[in-house]
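**Q** I need the structure of the sequence given here:
(chains A and B)
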Amino acid sequence: MERFFYCLVLCYGGLSSMSVEVELEESVGYTPIQRMRHSAAHVMAEAVQEIFPDARFGIGPAIEDGFYYDFELPRALTPDDLPDIEKRMARIVAGKYPFVRDRWPREKALEYFRDKGQVYKVELIENLPDAEVGIFQQHNFLDLCRGPHVANTGEIGPFKLMRVAGAYWRGDENRPMLQRLYGTAWFTKEELEQYLWRLEEAQKRDHRKLGRELKLFVLSEDLPAGVPMFLPRGETLRHQMESYVRETQERYGYQHVWTAHLGKVRLYKTSKHWFTYRENMFPVMQGEQETSEDDAYVLKPMNCPHHITLYKSQMHSYRELPVRYAEFATLYRYEKAGTLTGLARVRSLTQDDAHVFLRPDQIQEEFDRAFNLTLEVFNTYGLEDYWIALSLRDPQKKEDYVGSDEVWEKAENALRAAVDAKGVEYKAVIGEAAFYGPKVDFMVRDALGREWQCSTIQLDFVQPENFGLEYIAEDGQAHRPIIIHRAVTGSTERFMALIIEHFAGAFPVWLSPVQAMVIPIADRHIEYAYTVMETLKAAGVRVEVDTRSERMNAKVRDAQMQKIPYMLVVGDREAAENAVAVRLRTNENLGATPLDSFVERITDIIKTKSRDL
RNA sequence: GCCGAUGUAGCUCAGUGGUAGAGCAGCGGUUUUGUAAACCGCCGGUCGUCGGUUCGAGUCCGACCAUCGGCUCCA
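**A** Residues are numbered from 1 along each chain as shown, chains lettered A, B, ... in the order given. A predicted model of the protein is given here:
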């Protein structure tokens, strides 16, 4: 659930109608660089207007690292158009035209833009509350704009147009698609170059590229889009990741269950998913004989109904609550073709899902438990670049949510208390709660700056109703439990994408598919190399021997490029002394080390999940 | 799904209507090597798929599939 929050947070200076509310809420002014970038957007708009006098203009805000402007044009822009637009922009910048601010009465502005056929501007003005609207003009371009701008176009720093993309007007897929031109702008040439360099570096750690280079996973045209397959090394990685979460959550009191990949329509009708989520579910076939819709099979898109069915199959006393069912389950969801991205967004995903069935008085404790678990896991991975969203109900729109005020208040307070107690930073987001309850989401950024939701902890008052869940309380009566849905790493696939990029493929030893490569210098050392391998294998180390008829240099290079943590070079000296010459992938050379000491070192590092070598 | 771009050997890429190329990888041979690429040779492609235009299509057109950059929604 990536949310492009930077749009909300950083677009406040644009012409977006939504920026009105955002400005009130965020109430952050333009920083100088944002002001300059927003001005660059205006200059870009003028350049486009020169080429297409009939262009219609959308909005052109500053965003993180740059700016964009949305246009409706008589033809599609291609990357070949960018140099021309850049050249025209450069001319306008060189002209040092002042940005002239004005204020027009609404009616005058409406008339002006209507007359020009600027339907998007008209719509924006119609949504503005004030009697007067802001107008900015530079050179030959006049625009509806709140500003502020730099004094003149000459103050716009080094810029570069990055790409052209489609974007629905106001992000609504029922509205026209405009052409969005993205650019970046900086105060100095050095900053621009550094930014472009950073982008290149980020691309080097793109998990799709590393996945191919490190032989982790494969996307084949012979399989549906978004259905990755994992090679031995990738499977090893995901297995390690899953085992780790599995062990950890068992320590936290979760029990694992197993449910298959098929469900029946009726199950999802009971859970109500069928009515809102149907288009995301893969149909399979009708049930045997029976042709009613209810008995048709579908691929499992989520675990909750299955875990709930398990809960319901047994009687439950208040004493045994909370019941915590966890499962690593591969789910199938039909995601729109254009949204698929490597492992970060797939159609077959493996959730490390759990459903906790609990009494109302256990909410805070259970939230805390899930929260601690997640933080512990993040800590092990050394993840720091994430933020936490506390998604709350919009009190203005209570009708959009299910559950009483009292329960919501209790749940939200419990959640907030749990987050506050952790001393971590979080952002409360009003109106982002699920309809069935408030939630906490962990948002992580990938190498290219895209945000993805990984972990989530959600309170649910609705499914217990849908399924008529019960437990027998102290009073001997049946009471309704509450459910917490939580996922620690979210989906194995997405988290793997994150981990690959986070470590740039140089995984901590415990995660590395191959932890050590034994490199015999000449053929006569192969036998000893195998001895070394067997010793390490016996100690539980994933180790291989490079027996190819290559020079040692080539073997070192290949192991290095595969980011294998330890290269164990063995020659005459090592064989004689029962030693290995340890080279780290950091290029550090530890020299000859007794095999015993190395075994001790590597097993200790694996056991402690240390990120050191 | 929508807008745009891309698709040539396992990988990275060249090839603008006239006989499909390179490097790396792979395979074979020689070399037996001390910390990031030894040398020689060979194999390898219905140019994403299907259809169309043309005397002739990797090249032009269309549809589909997939990938990439965005938009929307979701883990």
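**Q** and the residue most central in space within chain A, what pLDDT?
**A** Of all residues in chain A, the one closest to the mean position by Cα atoms, centre = their mean is residue A:452, 1.5 Å from it. At residue A:452, the model reports a pLDDT of 86.
**Q** partner strands of the helix or strand where it lies, parallel or antiparallel?
**A** Assigned by DSSP states H and E, residue A:452 belongs to strand A:451-460. Sheet pairing here is set by DSSP bridges, and for strand A:451-460 it gives strand A:439-445 (antiparallel), strand A:482-491 (antiparallel).
**Q** next, count neighbours for residue A:293.
**A** Using other Cβ atoms under 10 Å, residue A:293 has 12 other residues around it. Placement of C-beta: from N, CA and C, glycine included.
**Q** and it, how far from residue A:334?
**A** Distance of residue A:293 to residue A:334, given as Cβ to Cβ, to the nearest Å: 18 Å.
**Q** now residue A:196
**A** Counting by Cβ to Cβ, the separation of residue A:196 from residue A:334 is 37 Å.
**Q** what do you get for residue A:400?
**A** 25 Å.
**Q** higher neighbour count, those two?
**A** residue A:334 (17 against 11).
**Q** please report how far the nearest residue to that one once chain neighbours are set aside lies from residue A:182.
**A** The spatial neighbour of residue A:334 that comes closest, neighbours along the chain excluded (Cβ to Cβ, 6 or more residues apart in numbering), is residue A:280 at 5.0 Å. Distance, residue A:280 to residue A:182, using Cβ to Cβ: 30 Å.
**Q** next: residue A:54.
**A** Counting by Cβ to Cβ, the gap from residue A:54 to residue A:182 is 22 Å.
**Q** quick one, strands of the stretch 501-613 of chain A?
**A** A:516-520, A:543-545, A:566-570, A:579-584, A:589-594 (DSSP state E, counting those that start in this stretch).
**Q** between residue A:54 and residue A:182, which one's more packed in?
**A** Just comparing residue A:54 and residue A:182: by other Cβ under 10 Å the higher neighbour count belongs to residue A:182, 19 against 10.
**Q** up against RNA strand B, what does the stretch 301-450 of chain A have?
**A** Counting by Cβ under 7 Å from any atom of the strand, the stretch 301-450 of chain A comes close to RNA strand B at A:333, A:335-342, A:345-347, A:349, A:351, A:434, A:441, A:448, A:450.
**Q** those, buried ones only, as a PyMOL selection?
**A** Remark: buried members of these, expressed as a PyMOL selection using 16 or more other Cβ atoms under 10 Å:
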select buried, chain A and resi 333+335+340+341+342+345+346+347+349+351+434+441
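**Q** how is residue A:160 assigned, secondary-structure-wise?
**A** Recorded secondary structure, residue A:160: strand (DSSP: H, G, I helix; E, B strand; the rest coil).
**Q** swap in residue A:49?
**A** Under the three-state scheme (three-state DSSP), residue A:49 adopts helix.
**Q** residue ranges with poor pLDDT in the stretch 151-300 of chain A?
**A** Residues of the stretch 151-300 of chain A meeting the criterion pLDDT under 70: A:287-290.
**Q** where exactly do the helices run in it?
**A** All helices of the stretch 151-300 of chain A, identified by DSSP state H, counting those that start in this stretch, fall at A:189-204, A:207-213, A:232-251, A:265-270, A:273-277.
**Q** a markdown table for those, including distance to residue A:551?
**A** Shown next, in a markdown table, are these (distance: least, Cβ to Cβ, whole Å):
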| stretch | distance to residue A:551 |
| --- | --- |
| helix A:189-204 | 27 |
| helix A:207-213 | 22 |
| helix A:232-251 | 24 |
| helix A:265-270 | 60 |
| helix A:273-277 | 57 |
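**Q** among those, which is nearest residue A:545?
**A** Counting by Cβ to Cβ, residue A:545 lies closest to helix A:232-251 out of the helices of the stretch 151-300 of chain A; the figure is 16.1 Å.
**Q** helices and strands around the closest one, which ones?
**A** Helix A:232-251 is packed against strand A:323-332, strand A:348-358, helix A:363-381, strand A:482-491, helix A:492-502, with contacts defined by 3 or more Cβ pairs under 8 Å, 6 or more residues apart in numbering; DSSP states H and E.
**Q** residue A:545: which of the ones you listed is closest?
**A** Nearest of those (Cβ to Cβ): helix A:492-502, 25.7 Å.
**Q** give the contact list for the nearest residue to residue A:163 once chain neighbours are set aside.
**A** Take residue A:163 and drop its neighbours on the chain: the residue closest to it by Cβ to Cβ, 6+ apart is residue A:182, 5.2 Å away. The contact partners of residue A:182, taken as Cβ atoms under 8 Å, 6 or more residues apart in numbering, are A:66-68, A:161-165.
**Q** name the member of those residues that has the highest neighbour count.
**A** Neighbour counts for the contacts of residue A:182 (other Cβ under 10 Å) peak at residue A:67, which has 29 neighbours.
**Q** these two touch, right, that one and residue A:41?
**A** Yes: counting by Cβ atoms under 8 Å, residue A:67 touches residue A:41, with 4.1 Å between them.
**Q** okay, and the common contacts of these two?
**A** Common contacts of residue A:67 and residue A:41, defined by Cβ under 8 Å, 6+ apart, comprise A:60-61, A:183.
**Q** buried sites along the helix or strand just after the strand holding residue A:452?
**A** For strand A:451-460, the succeeding helix or strand toward the C-terminus, using DSSP H and E, is helix A:463-467. Neighbour counts over helix A:463-467 (16+ other Cβ under 10 Å) mark A:463-464, A:466-467 as buried.
**Q** again with stretch A:173-190
**A** A:178-186.
**Q** how about the residues of the stretch 151-300 of chain A by RNA strand B?
**A** Within the stretch 151-300 of chain A, the residues that sit near RNA strand B (Cβ under 7 Å from any atom of the strand) are A:163-168, A:171-173, A:177, A:179-180, A:206, A:208, A:212, A:219, A:221, A:224-226, A:280.
**Q** restricted to strands, list these.
**A** Among these, the members falling in strands (DSSP state E) are A:163-168, A:177, A:179-180.
**Q** farthest-separated two in these?
**A** In terms of Cβ to Cβ, these reach their longest pairwise distance at A:163 and A:168, which sit 16.9 Å apart.
**Q** before we move on, the earlier item: output the strands of the stretch 501-613 of chain A in a markdown table; the columns should cover mean neighbour count, distance to RNA strand B and mean pLDDT.
**A** Output for the strands of the stretch 501-613 of chain A, formatted as a markdown table (neighbours: other Cβ atoms under 10 Å; distance: least, Cβ to the nearest atom of the strand, whole Å; pLDDT from 0 to 100):
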| stretch | mean neighbour count | distance to RNA strand B | mean pLDDT |
| --- | --- | --- | --- |
| strand A:516-520 | 26 | 8 | 97 |
| strand A:543-545 | 21 | 13 | 96 |
| strand A:566-570 | 26 | 4 | 97 |
| strand A:579-584 | 21 | 3 | 97 |
| strand A:589-594 | 14 | 5 | 95 |
